[in-house]
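Colleague: with the input below, show me the fold.
(4 chains)
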Protein chains: 2
Amino acid sequence: MSKQAAVDVSCCPPLAERRLPTEAAAALSPAFKALGDPVRLQLMSMIASAEGGEICVCDLTPAFDLTGPTISHHLRTLRAAGLVDAERRGTWVYYRARPAILRQLAALLTVPQGR
Amino acid sequence: MSKQAAVDVSCCPPLAERRLPTEAAAALSPAFKALGDPVRLQLMSMIASAEGGEICVCDLTPAFDLTGPTISHHLRTLRAAGLVDAERRGTWVYYRARPAILRQLAALLTVPQGR
DNA sequence: ACACTGTCTCGACGTCTGTCGAATCAGAGA
DNA sequence: TCTCTGATTCGACAGACGTCGAGACAGTGT
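Modeller: Numbering: from 1, shown residues only, chains lettered A, B, ... in the order given. Okay, the predicted model is just below:
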């Protein structure tokens, strides 16, 4: 269901360890960009912290003061960034987080001891 | 020298642990947004990994195929997001990373064991 | 087959963003 | 004080983004 772009970068020495190569920056920045909107950051949190690892769009939409299409658009952005996965089951669509990428981003931002 | 906005959020239970409150999302998303551009992500890396903890703008600018004003604009964005600090010494301006915020963001993205 | 509900796509809109060239500001040195 | 160099600000422009309403699509149930 998704147009999953992004981020197979083998992996990621912390940002602060050595200069991030151009290609890695290009591959990883879309994920940060996707998290760079308050609505999407909260959506991401709701999805990642959901009971059973997944959550229905029907539970996400009413949590915001925004229209359905707008939430849908934000979810598509998260999907395109490779941060979440979507699955339709009957009438409802469920989203789940992709922990591997979250971990990759976390590792990238990790600051080595001392600095 | 800087217009330092942003991010005193006391701190940050991981994204995946419980739903991020609206205010926290509003406070933290600008930092992710700032990292959501390939040029800024690479700038951030160059600054954070610099020898002696700081780096001169004059060393940053020639590393990109962009004009001085454009680099300056990106650096201002990083400053406004609270990710870096700037200090002028004589003719040159030096940038250094603010590790506390990087660590905060890393902690936020950390995925608890198992998930 | 039909209607109903949940979700997504499409088109439009105003705003924000990345980029540049030109102009300005800040120190150093003569 | 004048000039030179490094860095920032200003103004402009094209393109991207967040939001909405209207419409289309997908399944369910009658």
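
Colleague: remind me which residues of chain A are low pLDDT?
Modeller: Low-confidence regions of chain A, defined by pLDDT under 70, span residues A:1-11, A:114-115.

Colleague: do a quick rundown of the helices in it.
Modeller: Assigned helices in chain A, in chain order: A:22-35, A:38-48, A:57-60, A:68-80, A:99-109 (criterion: DSSP state H).

Colleague: out of those helices, which is the most enclosed?
Modeller: Sort the helices of chain A by mean neighbour count, taking mean count of other C-beta atoms under 10 Å in any protein chain shown, and helix A:38-48 sits at the top with a mean of 25. Every C-beta, even on glycine, is put in place using the N, C-alpha and C of the backbone.

Colleague: quick one: it near DNA strand C?
Modeller: No. Helix A:38-48 lies apart from DNA strand C when judged by C-beta under 7 Å from any atom of the strand; the minimum separation is 11.0 Å.

Colleague: quick check: angle from that helix to helix B:99-109?
Modeller: In terms of direction (axes from the mean of the first three to the mean of the last three C-alpha atoms, to 10 degrees), helix A:38-48 departs from helix B:99-109 by 50 degrees.

Colleague: could you dump the helices of chain A into a markdown table with distance to chain B added?
Modeller: Compiled in a markdown table, the helices of chain A are given as follows (distance: least, C-beta to the nearest C-beta, whole Å):
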| stretch | distance to chain B |
| --- | --- |
| helix A:22-35 | 3 |
| helix A:38-48 | 4 |
| helix A:57-60 | 11 |
| helix A:68-80 | 11 |
| helix A:99-109 | 4 |
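
Colleague: now those helices in JSON lines, with distance to B:G90?
Modeller: Putting the helices of chain A into JSON lines (distance: least, C-beta to C-beta, whole Å) gives the following:
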{"stretch": "helix A:22-35", "distance to B:G90": "30"}
{"stretch": "helix A:38-48", "distance to B:G90": "40"}
{"stretch": "helix A:57-60", "distance to B:G90": "53"}
{"stretch": "helix A:68-80", "distance to B:G90": "44"}
{"stretch": "helix A:99-109", "distance to B:G90": "32"}
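
Colleague: quick one: which of those is nearest DNA strand D?
Modeller: Ranking the helices of chain A by distance to DNA strand D, with C-beta to the nearest atom of the strand as the measure, places helix A:68-80 first at 3.4 Å.

Colleague: which strands or helices does that closest one pack on?
Modeller: In terms of contacts (3 or more C-beta pairs under 8 Å, 6 or more residues apart in numbering or on different chains; DSSP states H and E), helix A:68-80 is packed against helix A:22-35, helix A:38-48, helix A:57-60, strand A:84-89.
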